[in-house]
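Novice: Take this sequence and fold it.
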Amino acid sequence: MPTSVQLSNVHTWYDEAGAGEPLVMLHPAGTDARAFSPNIGALAARFHVYLPERRGHGHTPDTPGPFSFDQFAQDIIEFMERVVGAPAPLIGMSDGAIVGLHVAAKRPDLIRGLVVVAGVFHYDGWVAGVISDEPPPDFMAQAYAEVSPDGPDHFPTVVEKLARLHETDPALSTSDLARIASRTLVMVGDDDQVTLEHAVAMYRAIPNAELAVVPGTSHGLLVEKPGLCNELIVDFLTTEPILTLAPIRRRSTP
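Specialist: Residues are numbered from 1 along each chain as shown. Model (predicted):
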């Protein structure tokens, strides 16, 4: 059921679905919670899903000043403290995944499992040419106009703020990733806008990480193969790690 909450300096809209243990989902840049439409049903069957929309996105108004992943993360930290009220798994897609990494590094006590879908920890992890000043697809402008309290004329401002954000942010290091204590699933399409080398570097830097490369998909893997992606995510969040037969990375230290 859609509702909203006044955080420190932004009135944040969020949706909810399902019942059970809490789960927080963070949408991509320039979109809103509807980006998870192919995934919510499978997850809401097992969890109480929270879908907050970040400042300047969806139903949540923009605020003065530039965007930063640090500020987005602080908003989600406050949202989890005020609304969720307990540690929870967190799923982030693209920019939402970047926000999730920041939250997990800042407040590991809030995260009971992290799923990083098609996200980077440093801006050099994007495939060359992906981050550009090209106008976004028309469907993004239309979706923004349908729900934004700031009106359709504000969309170019949001696009410009996102462009400036992506020039220098995120800039996390592997040392920052090493602070992420929760079990983490790194997911990426095999033809993603995130380089496979960067996804592997993230997987190697997070101490308790697992890696899923979804075949035949791009940056839109959650929409392109929702059944497979939902199965991978639900399995990760609801089962304990298995004892593998020939571990290398997870080999017990003598």
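Novice: Okay, buried residues for stretch 34-41 please.
Specialist: For stretch 34-41, the neighbour count (16 or more other C-beta atoms under 10 Å) marks 35, 36, 39, 40 as buried. Heads up, the C-betas are built off the backbone N, CA and C, glycines and all.
Novice: What mean pLDDT does that stretch get?
Specialist: Stretch 34-41 comes out with an average pLDDT of 98.
Novice: What ranges does this structure have for its strands?
Specialist: Counting by DSSP state E, the chain has strands at residues 3-6, 11-17, 21-26, 47-52, 88-93, 111-117, 184-189, 209-214.
Novice: who does the fifth one touch, helix- and strand-wise?
Specialist: Counting contacts by 3 or more C-beta pairs under 8 Å, 6 or more residues apart in numbering; DSSP states H and E, strand 88-93 is packed against strand 21-26, helix 95-106, strand 111-117.
Novice: Just tell me which of these ends up closest to residue 59.
Specialist: strand 21-26 (15.0 Å; C-beta to C-beta).
Novice: list the helices and strands the closest one packs on?
Specialist: Secondary-structure packing of strand 21-26 (3+ C-beta pairs under 8 Å, 6+ apart): helix 37-44, strand 47-52, helix 69-79, strand 88-93, helix 95-106.
Novice: Roughly how far does the residue positioned nearest the centre of the chain sit from residue 72?
Specialist: The residue lying closest to the centre of the chain (C-alpha atoms, centre = their mean) is residue 92, at 1.6 Å. Using C-beta to C-beta, to the nearest Å, residue 92 is found at 10 Å from residue 72.
Novice: Roughly how far does the closest residue in space to the residue nearest to the centre of the chain that isn't next to it in sequence sit from residue 176?
Specialist: Nearest residue to residue 92, sequence neighbours excluded (C-beta to C-beta, 6 or more residues apart in numbering): residue 100, at 3.3 Å. Residue 100 sits 13 Å away from residue 176, going by C-beta to C-beta.
Novice: more crowded one of those two?
Specialist: residue 100 (29 against 19; other C-beta atoms under 10 Å).
Novice: List the residues that contact the more buried one.
Specialist: Contact analysis of residue 100 by C-beta atoms under 8 Å, 6 or more residues apart in numbering lists 26, 76, 90, 91, 92, 114, 115, 116, 119.
Novice: Kindly provide the distance from it to residue 188.
Specialist: To residue 188, residue 100 is 14 Å away according to C-beta to C-beta.
Novice: what's the answer for residue 1, then?
Specialist: Taken as C-beta to C-beta, the span from residue 1 to residue 188 is 33 Å.
Novice: And the two? Which one has more around it.
Specialist: Legend: neighbour count by other C-beta under 10 Å for residue 1 and residue 188, higher for residue 188 (29 against 6).
Novice: And the residue nearest to the more buried one when sequence neighbours are not counted, how close does it get to residue 160?
Specialist: Leaving aside its chain neighbours, residue 188 sits nearest to residue 199 (4.2 Å; criterion: C-beta to C-beta, 6+ apart). Residue 199 sits 28 Å away from residue 160, going by C-beta to C-beta.
Novice: Same check on residue 88?
Specialist: Residue 88 is 33 Å from residue 160, by C-beta to C-beta.
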